[in-house]
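Peer 1: just need the structure, nothing else, for what follows:
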Amino acid sequence: MAKNSPLVEVLGELDELGCVLALAALHLKGHEAGVLRGIQRELMGLSADLAFPKRRGRRRDFPELHTQGKSRTGRSRDRRFLGTECVARLDETLRAARRGMPPARGFVLPGGPPASAFCHLARAVARRAERRVVALPARLKAPPLALPYLNRLSDLLFVMARAAARRGGRERLWVPRRPN
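Peer 2: I've put the predicted structure just below:
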């Protein structure tokens, strides 16, 4: 496959996102760091779903990670690595992270302590990956949960960035200034 293939572009974005999540996790503690490490594993599953759409993670390819189920007709079916439970887990984590978080009162400027800055960077990379998935040609059909997953992930990273900024002092808001 060509290095400039749209699929290779998406896979590269997901790889970069996983790397930035690792940097963010280094600066977060406890549960938040664990959440990001779990997301890294799910992103690898999404990459496998994209890279091997016909295989879709069959048991013989990744026996330690997957099980096969039976469809209603009794025939075995393959299951993707990124399942509905991954999106549901992100939704629940996002709801929990938003509890007690005041609404943003303007545009939040990326920055602050390293944990916040890296979460903002990861959010921007997640949004770029989402745009690349949208741009995939129809013949390279993305897994159905790729877009909802990446969208929820970028929302979660924004909330995590705000929380880290607030713990580290305060979050910075953009103040528009008119040119003189």
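
Peer 1: which stretch of helix or strand covers the nearest residue to R80 once chain neighbours are set aside?
Peer 2: Leaving aside its chain neighbours, R80 sits nearest to D49 (4.8 Å; criterion: C-beta to C-beta, 6 or more residues apart in numbering). The way it works is simple: take the backbone N, C-alpha and C, and place the C-beta from them, glycine included. When elements are assigned from DSSP states H and E, D49 belongs to helix 30-51.

Peer 1: picking that back up, what about the residue nearest to R80, how many residues nearby?
Peer 2: For D49, the count of nearby residues is 22 (other C-beta atoms under 10 Å).

Peer 1: do you know how far it is from A88?
Peer 2: Here D49 is placed at a distance of 17 Å from A88 (C-beta to C-beta, to the nearest Å).

Peer 1: check the residue nearest to R80 and give its pLDDT.
Peer 2: What the model reports as pLDDT for D49 is 94.

Peer 1: same question for the one 4 residues further on.
Peer 2: Per-residue confidence for P53 comes out at a pLDDT of 81.

Peer 1: touching, it and R139? I think so.
Peer 2: No: the criterion here is C-beta atoms under 8 Å, and P53 misses it with R139 at 10.1 Å.

Peer 1: the two: which is more packed in?
Peer 2: More crowded of P53 and R139, by other C-beta under 10 Å: P53, with 14 against 7.
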